[in-house]
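Colleague: model the structure of this input:
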Amino acid sequence: MRDTKKITAYALINKKRIKEQELFKNLKKEVNTGANGTQGYIIKKGINKGKKI
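Modeller: Residues are numbered from 1 along each chain as shown. A predicted model of the protein is given here:
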């Protein structure tokens, strides 16, 4: 009797953990490259004025 309780409890916990991992995978969003002007920035002041980073 004790064995079945432990096994069912373990199965329930494991099922819950797997479901949480799947939800976490699906909720991740892709990063937009260059979305905030970080790609292809041109320096405006200083020695390297006009150079593209």
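Colleague: okay, Ile18: pLDDT?
Modeller: Here the pLDDT value assigned to Ile18 is 94.
Colleague: same thing with the one 4 residues further on?
Modeller: Reported pLDDT at Glu22 in the predicted model: 87.
Colleague: how distant is the host helix or strand of it from the center of its chain?
Modeller: Per DSSP states H and E: Glu22 is located in helix 2-27. From the chain centre to the centre of helix 2-27 is a distance of 22 Å (CA atoms, centre = their mean, to the nearest Å).
Colleague: other SSEs contacting it?
Modeller: Under the contact definition 3 or more CB pairs under 8 Å, 6 or more residues apart in numbering; DSSP states H and E, helix 2-27 sits against no other helix or strand. Every residue, glycine included, has its C-beta placed from N, CA and C.
Colleague: what residue ranges in the chain score low on pLDDT?
Modeller: The model of the chain has pLDDT under 70 over residues 1-2, 34, 37-38.
Colleague: pretty sure Lys51 is touching Ile42, no?
Modeller: Yes: contact criterion CB atoms under 8 Å: Lys51 and Ile42 qualify, at 7.0 Å.
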